[in-house]
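A.B. asks: predicted model, plus sequence, below.
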Amino acid sequence: MAVQAGGRATSLPFRAMTPRGNTRSRRRRLRAAHGRSGLIMSSPFLALFAVFFAGPLIYSIVLSLRSPLTGAYTGLLNYRTVLSDASYWNAVVRMGYFGLVQVTVMIGLAIVLALLLDSPYCRGKKVFALVYFLPYAVPGVIAAIMWGYLLEPDLDSALGVPHRLGLTSGPLQPLDYRLALYAIMLIVTWEWTGYNMTILLTSLTNVPHEVLEAAKVDGASELSIAARIKLPMVRRTVIFVVVLSIIGTLQLFNEPVILNEIASIGSTFTPNQIIYTTAFAFGNEELAAAQSVVLAAVTIVATVAFYGIVRRRMDPFAATRAVVK
Amino acid sequence: MKRTRSAVALAGAALAVTAMLGTAMLGSPAAVSASTNAKTTITWWTWTSNPKTVIANFEKAYPNISVPVPPVYGSGSTFYAKLTTAVAGGTGPCVTQVEYSELPQYIAAHDLVNIAQYVSSYRKDFPAWVWQQVSQGSAVYAVPEDIGPIGLMYQPAVLKKYNLPVPATWSQFASDAAALHKANPSMYLEPFVLNDPSILESLWWQAGARPFQLLSNGTWKIDVAGTIEQQVTNFWAKLVKQGLAPVDNDFTTDWTHHIAQDKYAAMVGAAWGPDYVISSNLASNSTEEWAVTQLPQWTAGAHATANWGGSTNAVTKDCPSQDVKDAALFAAYINTSKSGIAIDEEPGTQGGRGLFPAASARASVPQFKASVPHFSGNINALYSQYAAQVVTNWVWSPFDAEFRSFMSTELASAIAGKQTWSQALQSVESQLVSYAKSAGYSVES
């Protein structure tokens, strides 16, 4: 028995049941009823979306068109300031570099961990899956403070070990301005690898067993199965977590701001930090709004570009289909 | 029962009258009295210590004005972030603590109320240069609270041990730094603070620089890379490059650690330095002994210094108009009355605020002679002397926060060797000019 929306059951396809003359209007009315009920059911979400997302977004755009001193409308003046602001674009480029290195390392690590946990060699899979996920459960601010203390040579004597062994001229200083970016990469990787690994692990469970068994019958080793069968089948998920990571990288804020209290990272290290400094230290909310809109645009461009690059690789069966054709 | 109650009421009234008369005799602001006898509430935001004591003292004198305990919003940039957002949203306090360097930003944003009509009678209670920093033309926007005239804190025993003269000039300071570090590689004469360019600004001030000027037509003249600024900055550049002034970040855990470990033989210190910077970071059984002397001079025999830090109390536009008079009264009372000054000078650990009051009457209370642990000599008397030697006509710009932010970034890049320090100054100047122009100020450089 086929069940239609609204709980009405019919034993035959819909069209055959209704008298010919009323088909279109009945269909239209049903569609309208679907539309109405859909709207009603999603209205709580839409209300919250409007108030906490769409509303502030529109307000930001309006704010970005005003002058900070007088409040009068100055059109795109703030945007011109943002586009010619060297420190803002330096921060964006810095985040681009950060993303290239850190996201690659992190997703690589997440893939390896997920495949390892999914392999038959794994003992205590549930325990390890939880352990790797735990850093994500630590609130971001706490993690940054904790890592700040771990990376300060005066507070963490382990950093002085190479010096005592005679390998370096002084204790390691990861928060020094030359190494700060890599220190932050380390912290972010620690925080998020488990999260990404968990998503990948979940999608790995959707790999059909028949395929794996067929591969084993064909004599494939576990390594080949992992690299040539499991991984390509979760391509879509990998792309998904990479996109999430790109967006997260461009919005990096927590770690530089917290670490700035401990070492001198500066208040213009990442674009999001610049926005915060401009709005609340300089009191220039109009320029900050413009900077936010530009950052959103950069994020959209980066995401679309990435999707464009990997578009042809999204469909895992594209190769097979091409052969079959 | 009835007799006891009326007796208590009578005693209470008598006490109140005596208190008011008493405080009047000690020099409370009798010129401005409470506006009405109705109950008023004035909100106050501050990050100074023990605000409850201050409030209790004020409410004793003006029982009809009640001041709730200020919320804790952190200090410095965290506090200002909260203040800026609150005032932008119309929920700012009646009275707020604002440092001298931040006043122009809030004045330019029309966040503060001109209280000249209520407080101009207190002008004579403060040094001229202090009053000039809370005024713009005939308008007065805040009552000065505390100041930080700068001296040099140093360890006499350490200098004596290595036969180094107490540096009276900056060139002597540089040679002392070299000799000290050579004799004791684990010790330095003075750190170079990277995260807080305000100390470098104050040293520019001492040398007579005027990077920011407000011209009569309302234009801001910015000259951050002028001769004097470059001279002072390059002096420190040389010390940093030679490894004689290690880069440090003030008020961080690391920095506290360095002070406790006796890494520095001296530190440029404002009036709040001995207590807040050194003494509170030394263990009670520490054997370090410090003293204060005049800041090294650029020309031998001169007596110029500058100010570093210090706050005022300003009235914001979010104060209901009928409460502005009481708010101004509060700001004035806590900073000019004898009881207020006494609380200001009491160390924070003993229930006071640990401030160096801006008011000239600071010497009239017994706490003035109090000593600071690990320091010899009458610190307050020395700093009072320096307060009178502060170079006049320094002007703060409305974009000091931006200036400091750009300076930190550019100086970090100069320290890393990516540019010269002079180039860093040029870069800061061009960034500041374009930022100020885009924010709507009329600027020339």
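C.D. replies: In hand now; what should we look at?
A.B. asks: contact partners for the most centrally placed residue in chain A?
C.D. replies: Centroid-nearest residue in chain A, with Cα atoms, centre = their mean: residue A:244, separated by 1.8 Å. Contact criterion Cβ atoms under 8 Å, 6 or more residues apart in numbering or on different chains gives residue A:196 as the residues in contact with residue A:244. Every C-beta, even on glycine, is put in place using the N, C-alpha and C of the backbone.
A.B. asks: tell me the pLDDT of it.
C.D. replies: The predicted local confidence for residue A:244 comes out at a pLDDT of 93.
A.B. asks: state the distance from it to residue A:199.
C.D. replies: As for residue A:244, its distance to residue A:199 is 9 Å (criterion: Cβ to Cβ, to the nearest Å).
A.B. asks: any low-confidence regions in the stretch 251-400 of chain B?
C.D. replies: Within the stretch 251-400 of chain B, no stretch has pLDDT under 70.
A.B. asks: what residues does it put near chain A?
C.D. replies: With the criterion set to Cβ under 8 Å from any Cβ of the partner chain, the stretch 251-400 of chain B comes near chain A through B:252-254, B:257-258, B:399.
A.B. asks: need the buried ones from these selected in ChimeraX.
C.D. replies: Provided next is the ChimeraX selection string for whichever of those are buried by 16 or more other Cβ atoms under 10 Å in any protein chain shown:
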select /B:252,254,258,399
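A.B. asks: all helices of the stretch 1-150 of chain B, in order?
C.D. replies: Assigned by DSSP state H, counting those that start in this stretch, the stretch 1-150 of chain B shows helices spanning B:2-25, B:51-61, B:76-88, B:103-108, B:116-119, B:128-134.
A.B. asks: ranking those helices by mean pLDDT, which is last?
C.D. replies: Lowest mean pLDDT within those: helix B:2-25, at a mean of 43.
A.B. asks: which residue, other than its chain neighbours, is closest to the residue most central in space within chain B?
C.D. replies: Geometric centre of chain B, nearest residue: residue B:310, 1.4 Å, by Cα atoms, centre = their mean. Nearest non-adjacent residue to residue B:310, counting by Cβ to Cβ, 6 or more residues apart in numbering or on different chains: residue B:147, 4.0 Å away.
A.B. asks: phi first, then psi, for the one you found.
C.D. replies: Recorded main-chain torsions at residue B:147 are phi -130, psi 170, according to degrees, to the nearest 10.
A.B. asks: tell me the contacts of it?
C.D. replies: Under the contact definition (Cβ under 8 Å, 6+ apart), the residues listed for residue B:147 are B:127, B:130, B:271, B:307, B:309-310, B:356-358, B:387.
A.B. asks: what does residue B:412 give?
C.D. replies: By Cβ under 8 Å, 6+ apart, the neighbours of residue B:412 are A:177, A:264, A:266, B:194.
A.B. asks: again, only this time at 6 Å
C.D. replies: Counting by Cβ atoms under 6 Å, 6 or more residues apart in numbering or on different chains, residue B:412 makes contact with residue A:177.
A.B. asks: need the phi and psi values for it.
C.D. replies: Summarising the backbone geometry of residue B:412 under the convention degrees, to the nearest 10, its torsions are phi -60, psi -40.
A.B. asks: what about residue 134, neighbour count?
C.D. replies: Using chain A here. Using other Cβ atoms under 10 Å in any protein chain shown, residue A:134 is surrounded by 9 other residues.
A.B. asks: that's the other chain; I wanted chain B
C.D. replies: Counted with other Cβ under 10 Å, the burial measure for residue B:134 works out to 26 neighbours.
A.B. asks: and the residue nearest to it when sequence neighbours are not counted, how far from chain A?
C.D. replies: Using Cβ to Cβ, 6+ apart and skipping the chain neighbours, the partner closest in space to residue B:134 is residue B:142 (4.5 Å). With the distance defined as Cβ to the nearest Cβ, to the nearest Å, residue B:142 ends up 17 Å from chain A.
A.B. asks: and the residue of the stretch 151-300 of chain A found nearest chain B, what does it touch?
C.D. replies: Across the stretch 151-300 of chain A, no residue is closer to chain B than residue A:280, which sits at 3.7 Å (Cβ to the nearest Cβ). Taking Cβ under 6 Å, 6+ apart, we find residue A:280 in contact with B:81, B:84.
A.B. asks: ok, now with 7 Å
C.D. replies: By Cβ atoms under 7 Å, 6 or more residues apart in numbering or on different chains, the contact set of residue A:280 is B:81, B:84-85.
A.B. asks: by neighbour count, which of the residues you listed wins?
C.D. replies: residue B:84 (24 neighbours).
A.B. asks: all helices for the stretch 1-150 of chain A, in order.
C.D. replies: Assignment of helices within the stretch 1-150 of chain A using DSSP H, counting those that start in this stretch yields the ranges A:14-17, A:23-49, A:55-63, A:77-83, A:86-98, A:104-118, A:125-137, A:140-150.
A.B. asks: and the residue nearest to residue B:79 when sequence neighbours are not counted, what are its phi and psi?
C.D. replies: Ranked by Cβ to Cβ, 6+ apart and with sequence neighbours excluded, the top spatial neighbour of residue B:79 is residue B:73, at 5.0 Å. Residue B:73 adopts backbone torsions of phi -120, psi 20, taken as degrees, to the nearest 10.
A.B. asks: burial measure for residue B:73, as a count.
C.D. replies: The tally of other residues near residue B:73 (other Cβ under 10 Å) stands at 16.
A.B. asks: any idea of the pLDDT on it?
C.D. replies: In the prediction, the pLDDT value recorded for residue B:73 is 90.
A.B. asks: so the one residue in the stretch 251-400 of chain B that gets nearest to chain A is in which element?
C.D. replies: Closest residue of the stretch 251-400 of chain B to chain A, Cβ to the nearest Cβ: residue B:257 (4.7 Å). In the assignment (DSSP states H and E), residue B:257 maps to helix B:253-260.
A.B. asks: where exactly do the strands run in the stretch 101-250 of chain B?
C.D. replies: B:135-136, B:139-140, B:142-144, B:150-154, B:192-193, B:212-214, B:220-222, B:247-248 (DSSP state E, counting those that start in this stretch).
A.B. asks: could those strands be laid out in TSV, adding mean neighbour count?
C.D. replies: Putting those into TSV (neighbours: other Cβ atoms under 10 Å in any protein chain shown) gives the following:
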stretch	mean neighbour count
strand B:135-136	16
strand B:139-140	19
strand B:142-144	27
strand B:150-154	24
strand B:192-193	20
strand B:212-214	17
strand B:220-222	20
strand B:247-248	19
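A.B. asks: now these as TSV including mean pLDDT and distance to residue B:267?
C.D. replies: Output for the strands of the stretch 101-250 of chain B, formatted as TSV (pLDDT from 0 to 100; distance: least, Cβ to Cβ, whole Å):
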stretch	mean pLDDT	distance to residue B:267
strand B:135-136	90	32
strand B:139-140	94	34
strand B:142-144	96	25
strand B:150-154	95	5
strand B:192-193	91	9
strand B:212-214	91	26
strand B:220-222	93	30
strand B:247-248	88	10
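A.B. asks: nearest to residue A:109, of these?
C.D. replies: Each of the strands of the stretch 101-250 of chain B was checked against residue A:109 via Cβ to Cβ, and the shortest separation belongs to strand B:247-248, namely 33.9 Å.
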